[in-house]
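S.K.: structure, please.
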Amino acid sequence: MCKLFDEWENEIKEYCKENMLNFEKARKLPKSWGKSDIALQYVDKEKGKNGLLDDIPAPVILWIRKKPDGRIAFEQTEYTQKYLAL
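M.R.: Numbers count the residues shown, from 1 in each chain. Prediction:
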């Protein structure tokens with residue numbers, strides 16, 4: 001599990017509420033993360049049944065980053081509304 005998502009859950013939930021995004025969907029999306037960022041991604045379970053052999057990219061739905069001043073910043077992508085809109 002993504003520890004950062006759990007730590008930032010309140011901020012993510014508030015951002016989703018303010019931007020009419022589905023927090024429960026966001027919670028269930030696959031995540032990639034580093035020390036101070038999270039990428040929520042979409043994976044089509046019907047495609048890519050051969051794993052890396054299919055080479056199907058998982059588009060980033062929402063970037064979540066911790067700024068140097070400690071605030072959490074969000075960046076929507078062209079896929080955000082398609083996969084997270086209410």
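S.K.: hey, let's count contacts and neighbours off CA atoms from now on
M.R.: Will do.
S.K.: quick check: longest helix of the chain.
M.R.: For the chain, the longest helix by residue count, based on DSSP state H, is helix 9-18.
S.K.: just the buried residues of the helix or strand just after that helix, please?
M.R.: As assigned by DSSP states H and E, the chain's next helix or strand after helix 9-18 is helix 23-28. Buried residues in helix 23-28, defined by neighbour count with 16 or more other C-alpha atoms under 10 Å: 23, 26, 27.
S.K.: tell me which of those residues is nearest to residue 39?
M.R.: Distance to residue 39, by C-alpha to C-alpha, is smallest for residue 26 among the buried residues of helix 23-28, at 10.5 Å.
S.K.: quick check: the closest one touching residue 84?
M.R.: Yes - in this structure, residue 26 is within contact of residue 84 by C-alpha atoms under 8 Å, at 6.8 Å.
S.K.: flag the shaky bits of this structure, pLDDT-wise.
M.R.: Counting by pLDDT under 70, the ranges of the chain that qualify are 1, 48, 51-55.
S.K.: helix or strand: which one has the most centrally placed residue in it?
M.R.: Nearest to the mean C-alpha position of the chain, counting by C-alpha atoms, centre = their mean, stands residue 40 at 1.8 Å. Here residue 40 sits within strand 37-41, counting by DSSP H and E.
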